[in-house]
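Engineer: Sequence plus the predicted model coming up.
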Amino acid sequence: MTTDKPNNLTKLNTTSVSERITANTWKKHQARDRDFVIRCEEIKGFYIRKLPASSRNPKGLSTYYVNGRFAGTGKQIYPKIGDCSIVPFEEAVETAKSYLYKISQGIDPRIAEKKEKALGITLEEAIQEYADAVKQDLKPLTYQDYLRKSRLQLKQFQKKAIGEITVEDVKDWWLKGDKKDSMRNALTYASVVLDDYVAEEYIEINPFRRARLLKRVKKTVHKPNETDQHIPMKDLAPYVVSMSKCWEKQGEATRDLVLFVLLTGKRIDEASRLTWKNVNLTKGELILVKDTTKADSPEEIVPTTPYLHRLLKHRQENCKARGNPYVFNADRKQDIKKKTHAGDTRKVMANIWNGIPEDERPRLTKEGSSYIMNHDLRRTYATASLECGFSMEDKKALLGHKKDNITDKYTQRSIEYKRTQMRTVQEYLNAKAHDGIHFMLVKFYGADEQHLSMAPDSEYKTINFEKEYEDF
């Protein structure tokens, strides 16, 4: 026995249907238990995709789409037009026709749309948007520098759309400019910013990045910090004399941080983040963390010396701010409550420099420098270590390598070796400063002027560095 099938028979749970799409089509179809597609009979490739119901969209989310093959034979792509409840139907139809025509011509409308937007975004807006997006990862001064360089060095590009800037434009700007640090930094900032827009396909190439590859540009772009600026040993005495003369007028934490950098050669950002929980004067060790915002950031064990012990002991006894975990705690009134650390030493460095007679000042070799800066003290320490006859490997170790995964016995032995070398460098710096460093430790940090000589180390396991250095 057979039964005639009705003409309107449909499959259960069909995934798609075809019909004439109107403004209300998306409303009349109920959400199903799987994705459901309503294809337009009049415009091939235009359709509505309806998702299953969810707590967020109880009636199912309905979205206008198109699909087609590049130039009619290439791969299928599925550009989205927008939410049916938001995009007006007439606008969705016009957009669908535009998208389908571009696809037939081998143009991805999603990329084409971004390129059109790139013609409406100026470089000034792009830099501001990028700087705001990564602001929490930038130092305040770096954030301001992004905006300032855009205003000053990139003035001719500020109001120009990022989609209109060419490699030739950037090349001409660079070759006609002064090529100083400020201009080089602007080139770097613009390159970093536009990398994001290339990645998001708003522009095909980064004109600033490409221009850097041109031979005429590349050979005149020097790497940041490509300088040997430091205090030559013959000029160290007047520099330290100036330190001692202006020391009482400086903020204690900031000035002590400067002295710490001179005595250790550490980077200012690492030294400024030193906390009291990582200071063990009895054991004679400090732990510097490269980046306190990362749990797995590498650490460096720094052995103390009599000079460092006296500096840190003074801070421990006289300068430890209540509730502040940092050794070099912020000492400005507006920062004390924030429990932050010192870090901006520019005022101290400038005051030291201004106190040196002009004919006794070290020669400045870094472009744009007006005084010796933090990193120059690091190079000064490195220079002293080489003049002490240390190998390049030992110099690198003194300047700070991450802690290796080695046995405790080897670690102990290497720390004592490093302690001896640090003391040797510090004594050498003191000698070249005509005992000026020791004078400062006596005058400002409570050292005993009789204890110029360093007592020899005993075995690591038995020595008590707190007691060993107590008179210094």
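Structural biologist: Great, that's in hand.

Engineer: just the strands in the stretch 151-300 of the chain please.
Structural biologist: Along the stretch 151-300 of the chain, the segments classed as strands by DSSP state E, counting those that start in this stretch run 279-280, 285-289, 299-303.

Engineer: Which neighbours in the sheet does the first one have, and how are they oriented?
Structural biologist: The one in question is strand 279-280. Paired strands of strand 279-280, with direction, are strand 285-289 (antiparallel) (DSSP bridges).

Engineer: List the buried residues for the partner strand?
Structural biologist: For strand 285-289, the neighbour count (16 or more other Cβ atoms under 10 Å) marks Glu285, Leu286, Leu288, Val289 as buried. In this view, the C-beta of every residue, glycine as well, is placed from N, C-alpha and C.

Engineer: which one of those sits closest to Arg210?
Structural biologist: Val289 (38.4 Å; Cβ to Cβ).

Engineer: center of the chain - which residue?
Structural biologist: The residue lying closest to the centre of the chain (Cα atoms, centre = their mean) is Leu138, at 5.5 Å.

Engineer: Surely that one is in contact with Ala131?
Structural biologist: Yes - in this structure Leu138 lies within contact range of Ala131 using Cβ atoms under 8 Å: 7.2 Å.

Engineer: any common contacting residues for those two?
Structural biologist: Common neighbours of Leu138 and Ala131 (criterion: Cβ atoms under 8 Å, 6 or more residues apart in numbering): Tyr146.

Engineer: longest helix of this protein?
Structural biologist: Longest helix in the chain by number of residues (criterion: DSSP state H): helix 408-432.

Engineer: before we move on, back to that, from the buried residues of strand 285-289, which is closest to Lys266?
Structural biologist: Using Cβ to Cβ, those come closest to Lys266 at Leu288, 6.5 Å.

Engineer: what sits against that closest one?
Structural biologist: Counted by Cβ under 8 Å, 6+ apart, Leu288 has contacts Lys266, Glu270, Ala271, Arg273, Leu274, Asn278, Glu299, Glu300, Val302, Gly400.

Engineer: What is the nearest of the residues you listed to Arg49?
Structural biologist: The closest of those, once distances to Arg49 are taken by Cβ to Cβ, is Arg273, at 51.7 Å.

Engineer: all helices of the stretch 151-300 of the chain, in order?
Structural biologist: Along the stretch 151-300 of the chain, the stretches classed as helices by DSSP state H, counting those that start in this stretch are 167-176, 181-199, 207-213, 215-218, 236-246, 252-264, 268-272.

Engineer: how close does Asp235 sit to Val241?
Structural biologist: 11 Å (Cβ to Cβ, to the nearest Å).

Engineer: Tell me where the model's unsure across this protein.
Structural biologist: Applying pLDDT under 70 to the chain flags the ranges 1-14, 114-115, 222-227, 290-297, 331-338, 367-368, 401-413, 449-472.

Engineer: First-to-last residue distance for stretch 324-344?
Structural biologist: 17 Å (Cα to Cα, to the nearest Å).

Engineer: What of stretch 112-126?
Structural biologist: 19 Å.

Engineer: This structure - how does it break down into domains?
Structural biologist: Split into domains by automatic domain parsing, the chain comes to 16-107, 123-218, 233-468.

Engineer: Would you format those as TSV with distance to Glu113 included?
Structural biologist: Converted to TSV, the domains of the chain look like this (distance: least, Cβ to Cβ, whole Å):
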stretch	distance to Glu113
domain 16-107	9
domain 123-218	10
domain 233-468	37
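
Engineer: Glu116 is nearest to which of the ones you listed?
Structural biologist: The nearest among the domains of the chain, by Cβ to Cβ, is domain 123-218 at 8.3 Å.

Engineer: how near is Lys117 to Leu154?
Structural biologist: In terms of Cβ to Cβ, Lys117 sits 20 Å off from Leu154.

Engineer: I should have written Asp172 there, sorry.
Structural biologist: 13 Å.

Engineer: Asp394 reaches Thr424, doesn't it?
Structural biologist: No - if you go by Cβ under 8 Å, Asp394 and Thr424 don't touch, sitting 10.3 Å apart.

Engineer: quick one: stretch 238-245 to chain centroid distance?
Structural biologist: How far stretch 238-245 lies from its chain's middle: 34 Å, per Cα atoms, centre = their mean, to the nearest Å.

Engineer: hey, C-alpha coordinates of it in CSV?
Structural biologist: Output in CSV follows, covering the C-alpha atoms of stretch 238-245 (Å, rounded to 0.1, in the frame of the first residue of the first chain):
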residue,chain,number,x,y,z
PRO,A,238,85.9,65.8,39.9
TYR,A,239,82.6,63.9,39.2
VAL,A,240,82.6,62.3,42.7
VAL,A,241,83.6,65.7,44.3
SER,A,242,80.6,67.3,42.7
MET,A,243,78.5,64.4,44.1
SER,A,244,79.6,65.0,47.6
LYS,A,245,79.0,68.8,47.3
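
Engineer: Touching that stretch from outside, list them.
Structural biologist: Contacts of stretch 238-245 (Cβ under 8 Å, 6+ apart): 231, 258-259, 352-353, 355-357, 360-362, 372, 433-434, 436-437, 439-440, 443-444.

Engineer: So which of those are in helices?
Structural biologist: Using DSSP H, the contacts of stretch 238-245 in helices are Val258, Leu259, Ile352, Trp353, Gly436, Ile437, Phe439, Met440, Lys443, Phe444.
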